[in-house]
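Asks: Sequence plus the predicted model coming up.
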Amino acid sequence: MTILVAGATGTVGRSLVRALLDRGQQVRALTRDPATADLPAAVERVAGDLAAPSTLSDALQGVTAAHLIGFDGPRGAGGGAALGTGPELLRLAEQAGVTRVTLLQNGHSGPMEDAVQTGPLPWTIIAPVGFMANARQWAPAVRAGEPIREPFGDSVGAIIHEDDIAAVAAAALIEEGHAAQTYLLSGPEALTVREQLRQLGEALGRTIEYVELTEAEAVAGWRDQGLDQESIDFFLEMGRTTPWVGRTPLPTVERVTGRPPRTFAQWAREHAAEFA
């Protein structure tokens, strides 16, 4: 099998590339600039852009399965701009002989999800809650020995390791029995921001100070960063009351992969050098 991975240089994409290689698959990485893609030597790099389906004709040739993303750009409050090119992408994939697709959902359903679910190919939607990797936003302050200044220190999230997201996506791309499924994915435990910082500090062998901001202080900071009101409202809503789906450990990862999901303590140990 040759499997096309869109977003191959992103957090989940990189993990998925490794997971597929570990399972003996041929991987073709879709990227806007193959020359700068820092990926394993065994990976075939091809140029293309999901926002411009006409660039994908060559990339799709000989592909058995494809991993897609429904947004353009990095995940954020709104998760990047939603892509509306799904119907054309799926038409091209079907014409090229692709037999199944997975789609990484970006926190909510959008045009790409609609296109995949009503399109011509067997599909699986991969829908993770908050990423453990979002802790990287703290790295500059932690490296500088500064406190983490955020609101909602007691807000809870069942955050998930990117390698677990990738393992589920790899299973859906390679194995039978995952068609027409939306896999809601979480980590094994619900942690507050304070608990995440404590575990990260344990991995580093020191205490990370936390200073809780008021909502007004947080909003002022987000505005200084250039966030729009929609994104600010999103952060406030999530911080005040995390929806059950974001704070409830789910059995999906173990059900699909046969093993329990990784803990945040493990993620912190793996990535401690980024904070040191």
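Replies: Yep, that arrived.

Asks: From now on I want contacts and neighbour counts done on CA atoms only, so please keep to that.
Replies: Fine.

Asks: Show the low-confidence segments of the stretch 1-150 of the chain, by residue range.
Replies: For the stretch 1-150 of the chain, the stretches with pLDDT under 70 are 73-80, 107-108.

Asks: What ranges does it have for its helices?
Replies: Assigned by DSSP state H, counting those that start in this stretch, the helices in the stretch 1-150 of the chain fall at 11-22, 57-60, 86-96, 111-118, 139-143.

Asks: packing partners for the third one?
Replies: Using 3 or more CA pairs under 8 Å, 6 or more residues apart in numbering; DSSP states H and E, the elements in contact with helix 86-96 are helix 57-60, helix 111-118.

Asks: Run the chain-centre distance for the first one.
Replies: Between the mean C-alpha location of helix 57-60 and the chain-wide mean there is a distance of 24 Å, by CA atoms, centre = their mean, to the nearest Å.

Asks: by contact count, what packs against it?
Replies: Checked by 3+ CA pairs under 8 Å, 6+ apart, helix 57-60 has helix 86-96 packed alongside it.

Asks: Buried residues in the helix it packs on, which are they?
Replies: G86, P87, E88, L89, L90, L92, A93, E94, A96 (16 or more other CA atoms under 10 Å).

Asks: same deal with stretch 197-206?
Replies: Neighbour-count burial for stretch 197-206, counted by 16+ other CA under 10 Å, picks out L197, R198, Q199, L200, G201, E202, A203, L204.

Asks: now those in TSV, with pLDDT, distance to Q225 and secondary structure?
Replies: What follows is the buried residues of stretch 197-206, written out as TSV (pLDDT from 0 to 100; distance: CA to CA, whole Å; DSSP: H, G, I helix; E, B strand; the rest coil):
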residue	pLDDT	distance to Q225	secondary structure
L197	98	23	helix
R198	98	26	helix
Q199	98	28	helix
L200	98	25	helix
G201	98	26	helix
E202	98	30	helix
A203	98	29	helix
L204	98	28	helix
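
Asks: Could you dump these into a markdown table with distance to S57 added?
Replies: A markdown table is the format used below for these (distance: CA to CA, whole Å):
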| residue | distance to S57 |
| --- | --- |
| L197 | 46 |
| R198 | 48 |
| Q199 | 46 |
| L200 | 44 |
| G201 | 48 |
| E202 | 49 |
| A203 | 46 |
| L204 | 47 |
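
Asks: and which of these is nearest P249?
Replies: Closest approach to P249 among the buried residues of stretch 197-206 (CA to CA): Q199, at 18.1 Å.

Asks: That'll do, ta.
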